[in-house]
Every structure is written in C-alpha cells, then in structure tokens.
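# could you look at this predicted model? Sequence included:
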Amino acid sequence: MRKLIVFSSLLLAFTLLTAPPLYAAVVYRPGEGFHGEEEDSGALEKSASEQLHKAQALESEGSLKKAIGAYRALLRGFPASGAASQAQFKIAQLNEQTGEPERAFEAYSKYILNYPRGKEFDTVVERQFGIAKAFLDGERRKLFGMKTFGSMERAQKMFEEIVKSAPYSKEAPLAQFNIGMALEKQGQYAEAIAAYQLATDHYPNDDVAGDAQYQIGYVQMHLIENGSNDAASRLKARDAFEDFTVRYPQSEKIPQARENIAKLSGTSLKKNLEVARFYEKTKNFKAATIYYKGVIQEGKDAPEAEEARKAIERMKGNVGEDALRSGPENAQTGNKAREARKMQAQVDIASRPDYAGPPAPVVPEETAPEKPKLRTSGSPMPEPALPSQ
C-alpha cells in the first residue's frame, strides 16, 4: 500500500511537471487563455493613453504585479490601440523581473505572434533566447510557486519555438545549435546529430556552423566510447572530424579534432590488426596479408603499421611470397581493387566449413564476379570477337 501511495505521488508530480506551467492562482479569460492572476490594479481608464500612464506609474513605484494587471487591462480594453504592443512587451518583461521565466517566455511569444513588426521585436527574441539558455544551463521549473528541477525538454521546446518564429534573427543559428545541445543532454543522440546537421545546413556562414560540425563528430565518438565500437561508427565519427578540419581550418578546435581523428584511426588499426593476427594464426595467409597491408596503408608510421610490416616479412619467410598473393596483380589496380580483393578473400574464407572467425562482409555488386546472363528474347547471340592476327 505504501509503495502504491509513493508511486501515485511520483506519477502526479511527473504529470504536473510535464504539463504547461501551473501557478498558485490561475484564471481563464476569453481570447487570452489561462494565466496567473495578477493583483487588482483598479478600474479601467477611459483611454489607452491614460491606462498606459497608470500602468507605468504602478511600475515606477515598484508595484510590479499591479502594473502587470494594468497592462493586461489595457490589452483587454484597447486591443487595437498603438499602446497594445508596448503593454504586451511590458507584461513579459515584468514577469521576467518577478521571477516567472516561463510566464515571461509565453508573453514574449504572444508579442511575436501579434506584433511581428513591433519595435521591440528584436529585444523580444533576444530575451526569449536568454530564458531558454537559462533552462539549458539548469534553471528549474516552478510547481505551485516552488522551484522543482530543471528540464532539458523545456529548453529544447523553447529553442525550437525561437527558430520557428524568428528563423532570420541573429539568435536563430545558436538556437538551432542549442536544440542539439538539449537533445544531447537528454541522451537523444541521433536526434542531436540531426539538429546539429540542420545548424550547418541552414546557417553555413555563421560561426555556429563549425561548432555544430565538430559536435556531430563528438557525439558519434561518444557513442563509440559507450558501446557502438564498430567500423561504420568509427568511420562516421572520423569523417565528421575530417570534414570539420577541411571546412573550418581557422577554428580553435582544430587541434582537438586532429587528436580525435588520430584516436579513431588508432582504434581502427587495432581492430584490423586483431583480424589479421587471427587469419595468420589460422594459416589463412592471403587474408592475413590483405589486412596487414590495410593497416600499413592506413597507419603509415604508427606502431601498428610497423608490426604489420614485420608480420608480412615473417610470413614470407615461413611460407614463401607466393602463398601471400591473393591473385594477379594486374587484374585490378588502385584502392578499389585492393578493397575488392580484401572483401572477396573474407567471403572465400568464411565459406569454409571449418571457419570460426569474424563474419564476412557482403560483396557489392560491382566487386562480385559477373554472373552469366540468360537470354530473354529470340535475338541471335553476338558473334565472338576474333583474336587479332
């Protein structure tokens, strides 16, 4: 019974925290929706200018909640007046000053929606960004007037709203980057990478594009370090860092990116060296040679490459050079040929009944031996070419 009560309490708290923000006193007004009830500011004045002056006086004397009520009364009584945009801005600004950041963010959003050409537009977007950044940095949400715990999801949604409502603002590029940061902190790594990619694609000329490209590699490297240590993941991470070094050579993160590339390459060398050792131990010398040569080509002066050179010389001394050849050297040339021979060797070895090593890759169509084609019509077969005299 006690466990049920605890569980129910936790469920209620979770529901309240993931719902739109609630406040101690909540009222509903047509056209405005739910919002916190401000202090009574008295009767509505006869004109918008008089109501504005009243609200400004309350603000000046420090009665901020009454001032919010007066500005809100101005919006209700004189929605089409020239002072309406200023009143909406002041409602948001005063909520921020009284420690209600979520209420302020929502009020700023109403300003953007209703007054997209208002003179305070740029300031509004800037203040929204500041509130969202505070939540990204750990600002806590309020529940019944009390701060509870931070919400990366709330920060994410705020930044998404900024990008959507003000995509050409100066805050938009960094807001898009911070969507990725918020997703990354939530452990949603694939979504974070996609958000960073949007930052590089949509804002390629902004400084944030370089940081986003670096972060793509960083997140992928994090995944490798936490379990996804396969060749495809290492290649993606390394490619991301290499793209970064090419596209943003002046970045202060270049040294770290190069260090990460070396680290990822070293991991790949070690894995290939392990496979080569396995093939050598099981006397599959051709496959071992292919992998050892791959280590030499990729590692160059690395210790793994030196070990691979020594291994090839050792095998030559033990079984002879002919036993290490995988086929005629003039059959294909270049990197593509080497890759094709390497993959085909793995397939040949894996097909043996006594094979107990790593799984062989799927040989692409362009590297697999061409299969004879069946005739599909009654057209005559082409005449064979005569040998040259």
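Nice, thanks for sending it over.
# first vs last residue of stretch 295-312, how far apart are they?
Here the two ends of stretch 295-312 are set 11 Å apart, with distance taken as Cα to Cα, to the nearest Å.
# list the buried residues for that stretch?
Applying a neighbour-count criterion of 16 or more other Cβ atoms under 10 Å, the buried positions in stretch 295-312 are 295-296, 298-299, 302, 304-305, 307-308, 311-312. Just so you know, the C-beta spots here come from the backbone N, C-alpha and C atoms, and that holds for glycine as well.
# which of these fall within helices?
295-296, 298-299, 304-305, 307-308, 311-312 (DSSP state H).
# what are the buried residues along stretch 235-242?
Buried residues in stretch 235-242, defined by neighbour count with 16+ other Cβ under 10 Å: 236-238, 240-242.
# now swap in stretch 248-256 and tell me
The neighbour-count check on stretch 248-256 (16+ other Cβ under 10 Å) flags 248, 251, 253-254 as buried.
# equivalent analysis for stretch 131-139, please.
131-136, 139.
# tell me the mean pLDDT over it?
When the per-residue pLDDT values of stretch 131-139 are averaged, the result is 92.
# CA atoms only: put that stretch into PDB for me.
This file holds the C-alpha atoms of stretch 131-139, laid out as PDB (Å, rounded to 0.1, in the frame of the first residue of the first chain):
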ATOM      1  CA  ILE A 131      15.300  32.400 -20.900                       C
ATOM      2  CA  ALA A 132      15.800  29.300 -23.000                       C
ATOM      3  CA  LYS A 133      19.500  29.400 -22.300                       C
ATOM      4  CA  ALA A 134      18.900  29.600 -18.600                       C
ATOM      5  CA  PHE A 135      16.800  26.400 -18.700                       C
ATOM      6  CA  LEU A 136      19.600  24.800 -20.800                       C
ATOM      7  CA  ASP A 137      22.000  25.800 -18.100                       C
ATOM      8  CA  GLY A 138      19.900  24.200 -15.300                       C
ATOM      9  CA  GLU A 139      17.100  26.700 -14.500                       C
END
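# want to try a markdown table for the buried residues of stretch 248-256, with distance to residue 271, secondary structure and pLDDT as columns?
Written out in a markdown table, the entries for the buried residues of stretch 248-256 read as follows (distance: Cβ to Cβ, whole Å; DSSP: H, G, I helix; E, B strand; the rest coil; pLDDT from 0 to 100):
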| residue | distance to residue 271 | secondary structure | pLDDT |
| --- | --- | --- | --- |
| 248 | 29 | coil | 94 |
| 251 | 29 | coil | 93 |
| 253 | 26 | coil | 94 |
| 254 | 26 | helix | 93 |
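# out of those residues, which is nearest to residue 158?
Proximity of those to residue 158 (Cβ to Cβ) peaks at residue 253, which lies at 26.5 Å.
# let me see the contact set for that closest one.
Contacts for residue 253 (Cβ atoms under 8 Å, 6 or more residues apart in numbering) come out as 210-211, 214, 244.
# got CSV for these, with pLDDT, secondary structure and neighbour count too?
Formatted as CSV, those follow (pLDDT from 0 to 100; DSSP: H, G, I helix; E, B strand; the rest coil; neighbours: other Cβ atoms under 10 Å):
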residue, pLDDT, secondary structure, neighbour count
210, 96, helix, 21
211, 96, helix, 22
214, 96, helix, 23
244, 95, helix, 28
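# which members of the residues you listed define the maximum pairwise distance?
If you compare every pair in the contacts of residue 253 using Cβ to Cβ, the most distant one turns out to be 211 and 244, at 9.4 Å.
# tell me the pLDDT of the spatially closest residue to residue 189 that is not a sequence neighbour.
Leaving aside its chain neighbours, residue 189 sits nearest to residue 219 (5.4 Å; criterion: Cβ to Cβ, 6 or more residues apart in numbering). On pLDDT, residue 219 comes in at 95.
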